[in-house]
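Asker: I'll drop the sequence and a predicted model, then ask my questions.
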Amino acid sequence: MFKFITLVLLATAAVLAHEEHHAPAHYKFDHGVHDPNTHDVKSQWEHRDGHHVKGAYTLKDADGTTRLVEYTAGPHSGFNAVVKRIGHAHHPAHYGHHHEGAHHGGHEGDSFVGVTHWGFQH
């Protein structure tokens with residue numbers, strides 16, 4: 001019985017002595033696409049230092065503006081993003097039925113888009 005108790009104590013000590021040490025996570029990446037055939041234009045970068053992440057991505061929207069999303073994330077702050085739309089939006093011409101006196105059939109519309117947060121315009 002003494003040998004069994006000694007063996008159990010040695011096994012327990014070995015398990016307790018084996019601690020895994022994990023270094024904080026660190027990485028950086030960036031990539032981008034610019035395809036003139038499909039008009040797919042976008043980029044992204046991200047950096048992680050321990051439990052904190054910071055990054056941004058851009059993409060060209062159909063209206064001609066560029067959407068910029070800058071974000072941070074952490075264990076206490078959660079995920080936070082600020083969305084900006086850069087440029088002058090160009091809306092396509094509309095063809096088809098229109099009513100007399102209406103100011104839309106075939107005319108392009110323009111809009112200016114500013115900084116947004118969570119996709120809502122201020």
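Answerer: Arrived safely, thanks for sending.

Asker: what is the burial count for Lys54?
Answerer: Lys54: 14 surrounding residues under other C-beta atoms under 10 Å. All C-beta spots, glycine's among them, are computed from the backbone N, C-alpha and C.

Asker: could you do Thr65 as well?
Answerer: So Thr65, with other C-beta under 10 Å, has 19 neighbours.

Asker: then the one 4 residues further on?
Answerer: Here the number of neighbours of Val69 (other C-beta under 10 Å) works out to 16.

Asker: please, which helix or strand holds it?
Answerer: Assigning secondary structure by DSSP states H and E places Val69 in strand 66-74.

Asker: likewise Asn37?
Answerer: Counting by DSSP H and E, Asn37 is part of no helix or strand.

Asker: quick one: it and Trp45, what's the gap?
Answerer: Distance check for Asn37 against Trp45: by C-beta to C-beta, to the nearest Å, it reads 24 Å.

Asker: Gly74 against His52, yeah?
Answerer: Yes: between Gly74 and His52 there is a contact under C-beta atoms under 8 Å: 4.7 Å.

Asker: quick revisit: list the buried residues for the strand holding Val69?
Answerer: Using 16 or more other C-beta atoms under 10 Å as the test for burial, strand 66-74 gives Arg67, Leu68, Val69, Ala73.

Asker: contacts only, for the first one.
Answerer: This points to Arg67. If you count contacts by C-beta atoms under 8 Å, 6 or more residues apart in numbering, Arg67 has them with Thr58, Leu59, Lys60, Asp61, Val83, Lys84, Arg85, Ile86.
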